[in-house]
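Colleague: show me how the following folds:
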Amino acid sequence: IGLCVLWCAVAGVSAFAAESISITATPRYPWNGKVDLKFTIDGTSGTKYDTSFTAKDVAGGTNLTMKTLTKSDGTAANVAKEQLLPGTYNWVWNATADLGEGTVLERVVVEGKTEGQHPLYMVIDLSAGSSAKSYPVSYLNAVPSGGWSDTYKTTKMVFRYIQPDAFKMGSPSSEFGRKSNEEQHAVTLTKSYYLGVFELTAMQYKLVMGSLKYPPVPGRSDYEWAGFSYGEGKTGWEKHPMEELKYFKIRGNTKGLSQPITTEVDSDSLVGLLRARTGLSSLDLPTEAQWEFACRAGRTTALYNGKNLVNDGRSVDSALADIAVYFTPSTAAVGTKNPNSLGLYDMYGNVWEWCLDWYVSKLSAATDPVVNSTSKEKVCKGGSHMSGKRSCRSASRYNLNIDRLEISEDYDYDPRLYEITVGTVGARLCVTMD
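Modeller: This next block holds a predicted model:
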């Protein structure tokens, strides 16, 4: 006598409403000991979700053994964890194999769960300013109707959820604009994270820090932020990226500059203040790997729009026209160019973006890398408004001394600016999940 299922219920559960899983469990008739599972995962295209299944005898109040699960292609599935893309699946549970013949059950519930799901967007409200003891943190499952208003570029910060995966970092030898420090290598990211949809703007910085001006710091060269290309007081300055942003203002002058890198930062730094006021203890700069993975958004081409540079010459490039603020004397308000498929803006151009890693010229295969070195140089990514097209690629990387704001690159906009340009450095913030 085979397993007898008198009533079979179904359930679908997800950790957050941003994505969901729905299941239909149908015992075969005539009964042959198998249950057909048809389920659909709704989520972000290209994102994999950790999916698991359980069965329960509701009447008896006990969990049932569920391990013999077969995919539609006939291969065995891992009941405890399968990484699946959004879509519809048809699998089979061999209930008799797991529970044995002669088992009689009155009511069975089959449940599917997508683990590690998070709302697509996290928002920090900075409107209370620098005197606030706390900043509210909220979540959104979609872009607001009408898109991101100026509020999200000035008095609020918005972050996009990034699902981790393996990818190839760096550039192939055939890529136009490539430099020797971009050797390709395999990287695996295991921790999900939220990355800023926009670059840190001048108004956001001012609301947190209280001023755009740098107070004197013993032992460090200093000057006030007046807007190298677009200063305070000019129309729309609030929405332009923060420029001339020294590394020690982001993480601090002591703990934030530790070698090797630790999670500690100075309490009066930008990151320190944001952590204290939001409770987000992992808020920081992104690692170089996190930055490039999010920038590529699954693309292996030089640019996130699926294109490569047309040539390696000193000129503008049609492939960058709609996605980068570059080859121009001034920044633009954030979000004026087209984003990548994850909805991240200005990953190329506008301002260079600091990364957490200390700079080394050659990278190698790693899992969740954050690079340490004995140098005084940090990695910057993405290029700036003064950059030529070669700097505005996903793999492009530059080394910047933490005491200076001079990028050693050949600015195609004006050759006279080679190695002397100041003020084209900013940041994009990140929150890594446990």
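
Colleague: okay, now residue 142: neighbour count?
Modeller: Around residue 142 there are 9 other residues, counting by other CB atoms under 10 Å. All C-beta spots, glycine's among them, are computed from the backbone N, C-alpha and C.

Colleague: and for residue 263?
Modeller: When neighbours are counted by other CB under 10 Å, residue 263 registers 13.

Colleague: swap in residue 30?
Modeller: Using other CB under 10 Å, the number of residues around residue 30 comes to 5.

Colleague: same thing with residue 343?
Modeller: If we define neighbours as other CB under 10 Å, then residue 343 has 15 of them.

Colleague: excluding chain neighbours, give the residue nearest to it in space.
Modeller: residue 160 (5.7 Å; CB to CB, 6 or more residues apart in numbering).

Colleague: which intervals of the stretch 51-200 of the chain have sub-threshold pLDDT?
Modeller: 60, 104-106, 114-117 (pLDDT under 70).

Colleague: the helices in it, which residues?
Modeller: Assigned by DSSP state H, counting those that start in this stretch, the stretch 51-200 of the chain shows helices spanning 95-99, 151-154.

Colleague: pull out the buried residues from the first one.
Modeller: It stands for helix 95-99. Buried residues in helix 95-99, counting neighbours by 16 or more other CB atoms under 10 Å, are found at 95-96, 98-99.

Colleague: from those, which two are the most distant?
Modeller: Using CB to CB, the two most remote members of the buried residues of helix 95-99 are 96 and 98, lying 7.4 Å apart.

Colleague: circling back to that earlier point, a markdown table please, covering the helices of the stretch 51-200 of the chain and showing distance to residue 164.
Modeller: Output for the helices of the stretch 51-200 of the chain, formatted as a markdown table (distance: least, CB to CB, whole Å):
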| stretch | distance to residue 164 |
| --- | --- |
| helix 95-99 | 32 |
| helix 151-154 | 25 |
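
Colleague: among these, which is nearest residue 346?
Modeller: helix 151-154 (10.8 Å).

Colleague: buried residues in that closest one, which are they?
Modeller: Going by neighbour count (16+ other CB under 10 Å), the buried part of helix 151-154 is 152-154.

Colleague: burial count for residue 135?
Modeller: Residues within reach of residue 135, counting by other CB under 10 Å, total 23.

Colleague: contacting residues around it?
Modeller: Counting by CB atoms under 8 Å, 6 or more residues apart in numbering, residue 135 makes contact with 124-126, 128, 274, 277-278.

Colleague: give me that answer again for 10 Å
Modeller: Residue 135 sits next to 123-129, 156-157, 207-208, 273-274, 276-280 when contact means CB atoms under 10 Å, 6 or more residues apart in numbering.

Colleague: can you select the buried ones among the residues you listed for me in ChimeraX?
Modeller: This is how ChimeraX selects the buried members of the contacts of residue 135, with burial counted by 16+ other CB under 10 Å:
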select :123,124,125,126,156,157,207,208,273,274,277,278,280
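
Colleague: one step back: contacting residues around the residue nearest to residue 343?
Modeller: Counted by CB under 10 Å, 6+ apart, residue 160 has contacts 44, 120-122, 143, 193-198, 294, 339-340, 342-344.

Colleague: and if you look at residue 256?
Modeller: 247-250, 262, 264-267, 269-272, 284-285, 402.

Colleague: check what pLDDT the closest residue to residue 180 other than its chain neighbours gets.
Modeller: The shortest distance from residue 180 to any non-neighbouring residue, by CB to CB, 6+ apart, is to residue 361 (7.5 Å). Turning to residue 361, the model gives it a pLDDT of 94.

Colleague: returning to what we had before: which among the contacts of residue 160 end up buried?
Modeller: Buried among the contacts of residue 160 (16+ other CB under 10 Å): 44, 120-122, 193-198, 294, 339-340, 342, 344.

Colleague: any chance of the buried residues of helix 95-99 in a markdown table, with distance to residue 310 too?
Modeller: Listed next are the buried residues of helix 95-99 as a markdown table, based on distance: CB to CB, whole Å:
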| residue | distance to residue 310 |
| --- | --- |
| 95 | 59 |
| 96 | 62 |
| 98 | 58 |
| 99 | 63 |
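
Colleague: what segments of the stretch 201-350 of the chain are helices?
Modeller: For the stretch 201-350 of the chain, helices defined by DSSP H, counting those that start in this stretch occupy the ranges 202-209, 247-251, 270-278, 288-296.

Colleague: tell me, how many residues neighbour the residue nearest to residue 312 when sequence neighbours are not counted?
Modeller: Nearest residue to residue 312 in three dimensions, chain neighbours excluded: residue 176, at 4.3 Å (CB to CB, 6+ apart). Residue neighbour count, defined by other CB under 10 Å, stands at 17 for residue 176.

Colleague: residue 176 contacts residue 308, correct?
Modeller: Yes. Taking CB atoms under 10 Å as the definition, residue 176 is a contact partner of residue 308 at 6.4 Å.

Colleague: which residues are common contacts for these two?
Modeller: Contact with both residue 176 and residue 308 is made by residues 302, 317, 319, 393, according to CB under 10 Å, 6+ apart.
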